[in-house]
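Trainee: sequence below, structure please.
(one chain, ligands or ions: 1)
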Amino acid sequence: MKNEVIVLMLICGLCKSQYLAPGNCPRPEVVKNLDLNKFLGKWYEVQKTYTFFERNLRCVNAEYDNVGNGKIILTRIGMDKDGVSKSIGGRAIVAKLSEPAKMVIEFETSPSIPVNYWILDTDYNRYAVVWSCFNMGPFGFFHSEKLWILSREKYLTVDLLGAIYKNLSKKGIDWSSLRNINQLDCGISKENDVAPNI
Ligand SMILES: *[C@@H]1O[C@H](CO)[C@@H](O)[C@H](O)[C@H]1NC(C)=O
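Mentor: Numbering: from 1, shown residues only. I've put the predicted structure just below:
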């Protein structure tokens, strides 16, 4: 199973360099003095780079709860193509309290590999940008990056997204393979699910 995933990532790496890039993980600038308590709560995932394990999931949102000592419990819920709810739990730990935006996360999947989970940008009440990266290959030949755009609402405006992309480019992060996550067809309170022109 592990080998299959790696082969798949290699193939994907050939078609989209985002998933597999040469060298070790870069170290982009993160939010300075992240206020963890302001960051907690519910976030909708409005865009993200392709993730094999979450393919076809829509209506993905995540709840971040602080359990003290720089530990955060994360519950991510989504819906598969048949409308069945899927949830996955994770545990994030702030490795160094002086750099709270640099977390390490471990999901309940197997094999569970702790990966870094860095908050690159946020204003706490509208959007957040989360970036993750892990080194692959025996000699750090490759790394794989992932990116999520989180929102307190089910959508973000074009203007805000544009500003987010601009800042990502400045940090040297490739955001070109971000894809929208469907947050509209979620089966509840449809009358509120009106997206502006995005
Ligand atoms: C982009 O970066 C600027 C300068 O650091 C910052 O003031 C602004 O809040 C950021 N905007 C967005 C949407 O990320």
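Trainee: how far away is the residue sitting nearest the centre point of the chain from Leu184?
Mentor: Residue closest to the mean C-alpha point of the chain, counted by C-alpha atoms, centre = their mean, is Trp148 at 3.3 Å. To Leu184, Trp148 is 18 Å away according to C-beta to C-beta, to the nearest Å. Every C-beta, even on glycine, is put in place using the N, C-alpha and C of the backbone.
Trainee: what about the residue of the chain found nearest the ligand, neighbour count?
Mentor: Of all residues in the chain, Ala163 sits closest to the ligand, at 3.5 Å by C-beta to the nearest ligand atom. Here the count is done by other C-beta atoms under 10 Å, and Ala163 has 14 residues near it.
Trainee: for the helix or strand encompassing it, which helices and strands make contact with it?
Mentor: In this assignment (DSSP states H and E), Ala163 forms part of helix 158-170. Judged by 3 or more C-beta pairs under 8 Å, 6 or more residues apart in numbering; DSSP states H and E, the packing partners of helix 158-170 are strand 115-122, strand 127-136, strand 142-151.
Trainee: tell me who's in contact with the residue nearest to the centre of the chain.
Mentor: By C-beta atoms under 8 Å, 6 or more residues apart in numbering, the contact set of Trp148 is 45, 47-49, 129-131.
Trainee: go on, Glu99?
Mentor: Applying C-beta under 8 Å, 6+ apart, we find Glu99 in contact with Val30.
Trainee: please identify the helix or strand for it.
Mentor: Applying DSSP H and E, one finds Glu99 in no helix or strand.
Trainee: any idea of the pLDDT on it?
Mentor: Looking at Glu99, its pLDDT reads 93.
Trainee: how near is it to Asn69?
Mentor: Using C-beta to C-beta, Glu99 is found at 15 Å from Asn69.
Trainee: ok, now Tyr127?
Mentor: Taking C-beta to C-beta, one finds Tyr127 at 27 Å from Asn69.
Trainee: more neighbours, the two?
Mentor: Neighbour tally, Tyr127 and Asn69, criterion other C-beta under 10 Å: the higher count belongs to Tyr127, 21 against 8.
Trainee: was I right about that one contacting Leu150?
Mentor: Yes: if you go by C-beta atoms under 8 Å, Tyr127 and Leu150 touch, sitting 6.6 Å apart.
Trainee: got the residue ranges for the helices in this protein?
Mentor: For the chain, the helices defined by DSSP state H occupy 2-15, 36-39, 158-170.
Trainee: just to revisit the earlier point, nearest to Asn167, out of the helices and strands packed on helix 158-170?
Mentor: strand 115-122 (5.7 Å; C-beta to C-beta).
Trainee: circling back: columns distance to the ligand and pLDDT on top of the contacts of Trp148, output as a markdown table?
Mentor: Formatted as a markdown table, the contacts of Trp148 follow (distance: C-beta to the nearest ligand atom, whole Å; pLDDT from 0 to 100):
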| residue | distance to the ligand | pLDDT |
| --- | --- | --- |
| Glu45 | 17 | 94 |
| Gln47 | 14 | 95 |
| Lys48 | 17 | 91 |
| Thr49 | 18 | 89 |
| Val129 | 7 | 98 |
| Val130 | 13 | 96 |
| Trp131 | 13 | 95 |
